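Asker: Could you work out the structure for the sequence below:
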Amino acid sequence: MPEPAASIPADPRLAARFTEDLLDGCRVLAKDYGYRPAQFERMVREHGGVEAARLLLRGAGTAGGFTVLWEKNQLGRSSEAVMLREEYAELFTPDELLLARRRLEEHGFDVDAHLRRISEPG
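Answerer: Residues are numbered from 1 along each chain as shown. Okay, here's the model as predicted:
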């Protein structure tokens, strides 16, 4: 299990943008899919997005919200998928990013296709 990345100095503006992206994902899920990940949202607000993502990675197995996202074919909105965006990679250790990728791939999510899709202009 990866150790916390406390040694990585997080750019506060980048960390705040990551947090806002996670919360925006919560709003979209509630509006478009009728799913409000209240426990996840509370965790993000309490700990900040970076630490919430780390806490979820260190947990055994997957969180219930991850399973719901998988069932709704929305793993691209998971904290793991957001962590893997190029702009946020510096917030996490290589081990954390590997674990996030592995968790998504174990659930049949094509990480590379997703990252290409979201980086395309327009």
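
Asker: okay, which residue is most central for this structure?
Answerer: With distances taken as CA atoms, centre = their mean, residue 79 lies nearest the centre of the chain, 1.1 Å away.

Asker: What separation do you get for the closest residue to that residue other than its chain neighbours and residue 23?
Answerer: Among residues not flanking residue 79 along the chain, residue 53 sits closest, at 4.3 Å (CB to CB, 6 or more residues apart in numbering). Where you see a C-beta, it was placed from the backbone N, CA and C, and this is true even at glycine. Distance, residue 53 to residue 23, using CB to CB, to the nearest Å: 12 Å.

Asker: out of these two, which sits in the more crowded spot?
Answerer: Remark: of residue 53 and residue 23, residue 53 carries more neighbours, 26 against 15, as counted by other CB atoms under 10 Å.

Asker: helices and strands around the helix or strand hosting that one, which ones?
Answerer: Using DSSP states H and E, residue 53 sits in helix 49-58. Where contact means 3 or more CB pairs under 8 Å, 6 or more residues apart in numbering; DSSP states H and E, helix 49-58 is packed against helix 12-33, helix 38-47, helix 79-83, helix 94-106.
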